[in-house]
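**Student:** Predicted coordinates and the sequence they were generated for:
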Amino acid sequence: MEAKKRSFLAIFRKNTCMKTNQKQCIFCGHTKLYKVSSTQFRCSTCKRTFSHAKHAQEQAILECFIDNNSAYECATLLGLNYLTVTKQYQKLRLMLIAHSETLYTEHTETFSQYDEYYFLPTCKRGKPKYIFDAIGILGMLYGKRIYTLLLPDQFAHLKNLEENAIEKETYARYLNQHKVAHYESFENALVDFWYFLENWMDHFKGVKKENFIYYLKEAEFKFNYDKEEQRLILEKMLVIKYV
Ligand SMILES: [Zn+2]
């Protein structure tokens, strides 16, 4: 942890110094800048206002996010306020959801395979009484990439019934028989993704159901892209966000 912390701090400082010394516009790269406050500059070419220090901080947080550090780990590594980091992590998660939605709209025609999956945390898996706590997900495949949709909670009305109620048994049987799946082959990115998602979710303790979408979409994003691709997509969106 200490070695990791030192290397992160080194990157953080290097980024801050580099950007501040070069005095370049973070949007267009031009060097004619006007100082508008002790930390902010305005670019005379693209007319945008920004802070090098804030930008460097966002870049450092982005690296932590891509490296799968929790917000707490990131705050410790960079010596930043925990709330600052959670806010930035939330922004990044919203960005990758927006990215996923754009791709989905662009690829609606090209889905060839799909699968329905019911997610339960490890501690509830394999225990029939928890089956109706499962979160239904529809996974679709375009090329080698996955797109996921949360299914509406179909079990809400069954949750308060007795454990052995006939309705529960019938529904569990129905679920097994009518699980939606269309695979072109069994060596399939969708199957790989369900394993990836289970491992991914095991890192988090006690995820609230209403926040599940953020974890799911982050898993989808990290499954679909390697670290370099993730960085390019999110950096581009971070810069657009300033406009
Ligand atoms: Zn500029």
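**Tutor:** Sure, I can see it. Numbering: from 1, shown residues only.
**Student:** hang on, L138 is in a strand, isn't it?
**Tutor:** Yes: checked against DSSP: H, G, I helix; E, B strand; the rest coil, L138 lies within a strand.
**Student:** who does it bridge with?
**Tutor:** Here L138 shows beta-bridge partners E116, L149, assigned using DSSP bridges.
**Student:** What is the burial count for it?
**Tutor:** L138 has 14 neighbouring residues, counting by other CB atoms under 10 Å. To be clear about C-beta, it is placed using only N, CA and C from the backbone, and glycine gets the same treatment.
**Student:** List the contacts of it.
**Tutor:** Residues near L138 by CB atoms under 8 Å, 6 or more residues apart in numbering: Y114, D115, E116, Y117, T148, L149, L151, V180.
**Student:** from what I can see the fourth one touches G139, true?
**Tutor:** Pointing back at Y117 there. Yes: at 6.1 Å, Y117 and G139 qualify as touching, with contact defined as CB atoms under 8 Å.
**Student:** Now do the shared contacts for these two.
**Tutor:** The contact sets of Y117 and G139 overlap at W194 (CB under 8 Å, 6+ apart).
**Student:** does F193 really touch L216, like I thought?
**Tutor:** No: taking contacts as CB under 8 Å, F193 lies outside contact range of L216: 10.4 Å.
**Student:** which one is the spatially most central residue of the chain nearest to, not counting chain neighbours?
**Tutor:** Note on the chain: the residue nearest the mean C-alpha position is E218, at 2.0 Å, using CA atoms, centre = their mean. In this structure, E218 finds its nearest non-sequential neighbour in R93, 5.9 Å apart by CB to CB, 6 or more residues apart in numbering.
**Student:** gap between the host helix or strand of the one you found and the chain center?
**Tutor:** R93 is located in helix 82-107, with elements delineated by DSSP states H and E. Helix 82-107 has its C-alpha centroid displaced from the chain centroid by 6 Å (CA atoms, centre = their mean, to the nearest Å).
**Student:** what separates T49 from the ion, distance-wise?
**Tutor:** If you measure T49 against the ion using CB to the ion, to the nearest Å, the figure is 10 Å.
**Student:** list the contacts for that residue?
**Tutor:** If you count contacts by CB under 8 Å, 6+ apart, T49 has them with V36, Q40, F41, R42, C43.
**Student:** Lovely, talk soon.
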